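Colleague: Please work out how this folds:
(one chain, ligands or ions: 2)
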Amino acid sequence: MTRLILILGDQLTEDIAALKQADKDSDVVVMAEVAEETDYVQHHPKKIALIFTAMRKHAARLREAGWDVRYTELDDSGNSGSIVGELLRRAEETGASEVIATEAGEWRLIEALNEAPLQVTQLEDDRFLAAHKTFEDWAKGRKALRMEYFYREMRRTTGLLMDGDQPEGGEWNYDSENRKPPPDGVAFSGPMQFTPDDVTEEVLDLVEARFGESFGTLRPFDFATEPGQARRALTHFIKHALPSFGDYQDAMLDGNRWLYHAGLSAYMNIGLLDPMEVCRAAEEAYREGHAPLNAVEGFIRQIIGWREYVRGIYLHEGPDYPRRNGLNHQRGLPALYWGAPTDMRCLSKAVEQTRDEAYAHHIQRLMVTGNFALLAGVKPHEVHEWYLRVYIDAFEWVEAPNTVGMSQFADGGVIASKPYISSGNYINRMSDYCKHCAYDVKAKTGKDACPFNLLYWHFLDRHRERFEDNHRMGNMYRTWDRMDADRRETVLTEAEAFLGRLSKGERV
Ligand code: FAD
Ligand code: SF4
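Modeller: Ligands and ions are numbered 1, 2, ... in the order given. This next block holds a predicted model:
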């Protein structure tokens, strides 16, 4: 009896769970480019181009391997526009009544498949290192679900960077060595680039015609779109960037978009690269003396720690998570996030690079665009939708916990023990943006004062009740309270005036 084997756009892994259960002789693989997926938010054109190109190439490889693949292109006349619709169409075509799927990454699709009028089995996605049960067992009975403790478990179970039952070098975490200010020069020219082939060009034309109006620059497009290319990009990163990844992990440079970051997240998220293969390659670089421990531990922690942890939190917390608004922030997302001119250099550079590359590195996302939205009190759901739209690696299971939880503290502290907020001082220490800015990072009040300086105190003041007793924030409140009353009044008045201009859509 024929069964349908569903492969989604972020499940482009040869031995994905559903395929492992399938029978080449009788089952039919279903893949589909559908409007429901391109339109649930208005994605960056580069993101749609990457996914569709990689899907088409994956389908071709499966056919070569002998699978019967029924592939729907976006412009096909019979395209029903949804994953469930395509399954129903293929069921009618083949007589199949059963679907084997690998569990979708996000609630929206998990639920759509559960409710489909077909018998759908969703198998656990074993590309993740922590099974659902592993995460739930770890979470059970804990007062706080902190990443650091989960990460140690992952180190033990994977054996990565372990020396017997002890962490390599004696410490679990070398983050304190990974906060160096930006270097004078960067020896890495960014992730490996690939010239588009015919399949890619065809998709680029489609995306240009259908999604050319969306925020984001489509061309040049130089991403890897097949596993072999993604592996070359990994080797390139390990060789040229990993040794300095740790030192400059938190640094930002006005004239350099990548520093020593990998640019590999999208490849792992859609299945072109296996996270464990990435971590093993990094560990080998350490064992061979090519990269230092602080770099390799920091890199591996992002993948087996943060990446696995946020996915666990997303599933553990349930479908309402992206809608949470623990601090009751109600401001609309400022136009500058869509490229409206701003005099704030850090924000204008982060948004500009996001538009061009569909990429910004972690600290730009957290401490520039995220920090500003949090300080300004922007609705977390609008912030969430922005991140989901603009980044090439954005899938809700990883984006929402990072945005709603880590960056906006809208989950009430499930992920972070305190909000990630800073004045301009932090951005000045970790970047050279301020040197090029119309605002003065040293000025705390007055017309030239860096807006982060004003908004930082405004945030703390308006959320005093919520955070005053947080032991990690006591110092901040003591500093605020030591300022003389007139000065505090001036800061708050100027911050209000700034927020008023922001709300009116004036240039800030
Ligand atoms: P590197 O800095 O080189 O890190 C190596 C790898 O570690 C990444 O490829 C990624 O797979 C993993 N990683 C690092 N940090 C995290 C993290 N916090 N959570 C999960 N994985 C991590 N990452 C996404 O993959 N998709 C998203 O939609 C996404 N949205 C984010 C939104 C916000 C507000 C913030 C603060 C972070 C977000 N991240 C997201 C995490 C992180 O910023 C990106 O994974 C990283 O910037 C990707 O670039 P890279 O490959 O050069 O990463
Ligand atoms: Fe950003 Fe303030 Fe520095 Fe300007 S002065 S770049 S707004 S932190």
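Colleague: Show me which residues of the stretch 401-508 of the chain sit near ligand 2.
Modeller: Residues of the stretch 401-508 of the chain found near ligand 2 (CB under 6 Å from any ligand atom) are Gly424, Ile427, Asn428, Tyr433, Cys434, Cys437, Tyr439, Val441, Cys450, Pro451, Phe452. C-beta: built from backbone N, CA, C; applies to glycine.
Colleague: what do you get for the stretch 201-350 of the chain?
Modeller: Met344, Arg345, Cys346.
Colleague: In CSV, list those along with pLDDT and distance to Val199.
Modeller: Formatted as CSV, those follow (pLDDT from 0 to 100; distance: CB to CB, whole Å):
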residue, pLDDT, distance to Val199
Met344, 98, 40
Arg345, 98, 39
Cys346, 98, 38
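Colleague: Tell me where the stretch 401-508 of the chain has helices.
Modeller: Counting by DSSP state H, counting those that start in this stretch, the stretch 401-508 of the chain has helices at residues 424-430, 451-462, 464-467, 474-482, 485-503.
Colleague: Could you single out the most deeply buried of the ones you listed?
Modeller: Compared across those, helix 451-462 shows the largest average neighbour count, a mean of 22 (mean count of other CB atoms under 10 Å).
Colleague: just how off-centre is whichever strand or helix holds Thr53 within its chain?
Modeller: Element membership of Thr53 [criterion: DSSP states H and E] is helix 45-64. How far helix 45-64 lies from its chain's middle: 20 Å, per CA atoms, centre = their mean, to the nearest Å.
Colleague: before we move on, the earlier item: of the residues of the stretch 201-350 of the chain next to ligand 2 - the most surrounded one?
Modeller: Per-residue neighbour counts (other CB atoms under 10 Å) across these peak at Cys346, which has 28 neighbours.
Colleague: where's that one relative to Tyr426, distance?
Modeller: Counting by CB to CB, to the nearest Å, the gap from Cys346 to Tyr426 is 10 Å.
Colleague: How about Lys57?
Modeller: Taken as CB to CB, the span from Lys57 to Tyr426 is 42 Å.
Colleague: Alpha carbons of the host helix or strand of Gln353, as PDB, please.
Modeller: Per DSSP H and E: Gln353 is located in helix 345-357. Only the C-alpha atoms of helix 345-357 are listed here, as PDB (Å, rounded to 0.1, in the frame of the first residue of the first chain):
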ATOM      1  CA  ARG A 345      24.600  54.400  13.700                       C
ATOM      2  CA  CYS A 346      24.500  51.000  15.500                       C
ATOM      3  CA  LEU A 347      20.900  50.500  14.500                       C
ATOM      4  CA  SER A 348      21.200  51.800  11.000                       C
ATOM      5  CA  LYS A 349      24.200  49.500  10.300                       C
ATOM      6  CA  ALA A 350      22.500  46.400  11.800                       C
ATOM      7  CA  VAL A 351      19.300  47.000   9.800                       C
ATOM      8  CA  GLU A 352      21.300  47.800   6.600                       C
ATOM      9  CA  GLN A 353      23.200  44.600   6.900                       C
ATOM     10  CA  THR A 354      20.100  42.600   7.700                       C
ATOM     11  CA  ARG A 355      18.400  44.000   4.600                       C
ATOM     12  CA  ASP A 356      21.500  43.100   2.400                       C
ATOM     13  CA  GLU A 357      22.600  39.800   3.900                       C
END
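Colleague: 30 is where my numbering starts, stick with that
Modeller: Got it, first residue is 30 now, which makes that one helix 374-386.
Colleague: follow-up on the earlier one: which one of the residues of the stretch 430-537 of the chain next to ligand 2 is nearest to ligand 1?
Modeller: Ile456 (14.6 Å; CB to the nearest ligand atom).
Colleague: What segments of the protein are strands?
Modeller: Assignment of strands within the chain using DSSP state E yields the ranges 32-35, 57-61, 97-101, 127-131, 148-152, 191-192, 195-196.
Colleague: Ligand 2: which of these is closest?
Modeller: Of the strands of the chain, nearest to ligand 2 by CB to the nearest ligand atom is strand 195-196, at 35.7 Å.
Colleague: strand partners of the closest one, parallel vs antiparallel please.
Modeller: strand 191-192 (antiparallel) (DSSP bridges).
Colleague: Need the contact partners of the partner strand.
Modeller: Arg184, Arg185, Glu197, Gly198 (CB atoms under 8 Å, 6 or more residues apart in numbering).
Colleague: check contacts around the nearest residue to the last one once chain neighbours are set aside.
Modeller: Of all residues not flanking Gly198 in the chain, Leu322 sits nearest, at 5.0 Å (CB to CB, 6 or more residues apart in numbering). Applying CB under 8 Å, 6+ apart, one finds that Leu322 lies in contact with Leu190, Glu197, Gly198, Tyr203, Tyr315.
Colleague: could you redo the last one with a cut-off of 7 Å?
Modeller: By CB atoms under 7 Å, 6 or more residues apart in numbering, the residues touching Leu322 are Glu197, Gly198, Tyr203, Tyr315.
Colleague: ok, the closest residue to ligand 2 within the stretch 180-329 of the chain - how many residues close by?
Modeller: Using CB to the nearest ligand atom, the closest approach of the stretch 180-329 of the chain to ligand 2 is made by Asp283 at 8.8 Å. For Asp283, the count of nearby residues is 16 (other CB under 10 Å).
Colleague: That one is in contact with Lys378, isn't it?
Modeller: Yes - under the criterion of CB atoms under 7 Å, Asp283 makes contact with Lys378 at 6.0 Å.
Colleague: Mind splitting the chain into its structural domains?
Modeller: 32-152, 161-219+270-346, 364-532 (automatic domain parsing).
Colleague: Take these and lay them out in JSON lines including distance to Phe240.
Modeller: JSON lines is the format used below for these (distance: least, CB to CB, whole Å):
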{"stretch": "domain 32-152", "distance to Phe240": "5"}
{"stretch": "domain 161-219+270-346", "distance to Phe240": "17"}
{"stretch": "domain 364-532", "distance to Phe240": "11"}
